[in-house]
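J.: sequence first, predicted coordinates after that:
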Amino acid sequence: MISNKIVLLFFVACFVEKCSSTVEWREIFKRNDSNSDGLIDAVELQKIIFQDFKGFITVRLADIYISFINLNGSNKIGFEQFKRMAPLFEILSQRGNSEDNDKVNGSETISVENFQVKLLQKFGDVFKKKIEVLELFKLIGLNEKDSIGSEKSKEIVDILRATLKLNDLYGVFRLFDKDKNNVFDGEELVELIQKVRPDLAAVERAKAQMKSYDTNGNDEIDFAEFSNLYCSPLPAEQTFEDMFGKPLVSIDELNDFYERLLGGRLPLNLINQLDPLRKNKISYQDINKIANVF
Ligand SMILES: [Ca+2]
Ligand SMILES: [Ca+2]
Ligand SMILES: [Ca+2]
């Protein structure tokens, strides 16, 4: 859903802090390399994400992300490349604070079968097929005949929000990788930053910082390095204010921003969600909220 990506672009513009962690990578890698071939495949990766990082991706997505980290055509990943996936794991572990959470099933219990249908509707960007939802249920230990309470279903929705965020980030990455070679060169990155923040200072800062984000020093930003930009979402609100010079913006101003970045005008349904009472004063929080609602 392209409209949700708008909020990610604020994060990208921030060049926020890198992820940091003290994870025992070697131990996790060895424990999950179940066929001991020294490589992690998509199925093994899905298990790692679920067990060690409390997140979820489908095997199909695991395959895609591996190919975007490897860049050598292989669908299995060695230890050094695996460690580089840390920012992705971090995003998948993140839980938003969703006080006004969506009402997946209120306080009622729901059959797994019905829940599956709802998840398929709400997370259509994550699940391409019904069978992919079953991958998640299998990891959790649910089968189609079970029913689940509201707490469990909320937990699952929270997990999937993080999955969707990473997927949206991947969508942004794909969108601005103009030549589709699965990496950003300096030119593509500057072009993206220029669109988000046309002021010269931001572009200069982006150029200067590109080097520090290019962790393997090959003068390109791959998906793992790009995901680093998003690991610490806090400064995005400040970026929003810097960009517009104020904390509240009008629909027209937002429209200009949207047009510059993605072309076209803000979809009407997005405007309705952002500004249901037509106050014409949109805050960063308003945008963030709709990015979290499905
Ligand atoms: Ca293996
Ligand atoms: Ca490229
Ligand atoms: Ca690089």
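T.: That came through, no problem. Numbering: from 1, shown residues only. Ligands and ions are numbered 1, 2, ... in the order given.

J.: what residue ranges in the chain score low on pLDDT?
T.: Where the chain drops to pLDDT under 70, the residues are 1-22, 96-107, 197-198, 202, 206, 209, 230-236, 291-294.

J.: ranges for the strands of it?
T.: Along the chain, the stretches classed as strands by DSSP state E are 110-111, 147-148, 248-249, 282-283.

J.: list the contacts of the residue nearest the centre of the chain.
T.: In the chain, the residue lying closest to the centroid (C-alpha atoms, centre = their mean) is Leu166, at 2.0 Å. Listed by C-beta atoms under 8 Å, 6 or more residues apart in numbering, the contact partners of Leu166 are 57, 88, 91-92, 227. (Each C-beta comes from the backbone N, C-alpha and C, glycine too.)

J.: so which of the strands of the chain is nearest Leu45?
T.: Comparison of the strands of the chain against Leu45 by C-beta to C-beta identifies strand 147-148 as nearest, at 25.6 Å.

J.: ok, that closest one: who's next to it in the sheet?
T.: On the basis of DSSP bridges, the sheet neighbours of strand 147-148 come out as strand 110-111 (antiparallel).

J.: can you list contacts of the partner strand?
T.: Identification of contacts with strand 110-111 by C-beta under 8 Å, 6+ apart yields 104, 118, 146-148, 153.

J.: would you list these in JSON lines and tack on neighbour count and distance to Gln238?
T.: What follows is those, written out as JSON lines (neighbours: other C-beta atoms under 10 Å; distance: C-beta to C-beta, whole Å):
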{"residue": "Val104", "neighbour count": "17", "distance to Gln238": "32"}
{"residue": "Lys118", "neighbour count": "16", "distance to Gln238": "36"}
{"residue": "Asp146", "neighbour count": "15", "distance to Gln238": "44"}
{"residue": "Ser147", "neighbour count": "15", "distance to Gln238": "44"}
{"residue": "Ile148", "neighbour count": "19", "distance to Gln238": "39"}
{"residue": "Ser153", "neighbour count": "21", "distance to Gln238": "34"}
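
J.: and the furthest pair within those?
T.: Val104 and Asp146 (15.8 Å).

J.: wait, what's in contact with the residue of the stretch 1-150 of the chain found nearest ligand 3?
T.: Of all residues in the stretch 1-150 of the chain, Arg84 sits closest to ligand 3, with a separation of 9.3 Å (C-beta to the ion). Residues near Arg84 by C-beta under 8 Å, 6+ apart: 69, 215-216, 224-225.

J.: need those in JSON lines with distance to ligand 2 and neighbour count, can you?
T.: Below are the contacts of Arg84 laid out as JSON lines (distance: C-beta to the ion, whole Å; neighbours: other C-beta atoms under 10 Å):
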{"residue": "Ile69", "distance to ligand 2": "15", "neighbour count": "19"}
{"residue": "Thr215", "distance to ligand 2": "17", "neighbour count": "15"}
{"residue": "Asn216", "distance to ligand 2": "16", "neighbour count": "13"}
{"residue": "Ala224", "distance to ligand 2": "15", "neighbour count": "19"}
{"residue": "Glu225", "distance to ligand 2": "13", "neighbour count": "21"}
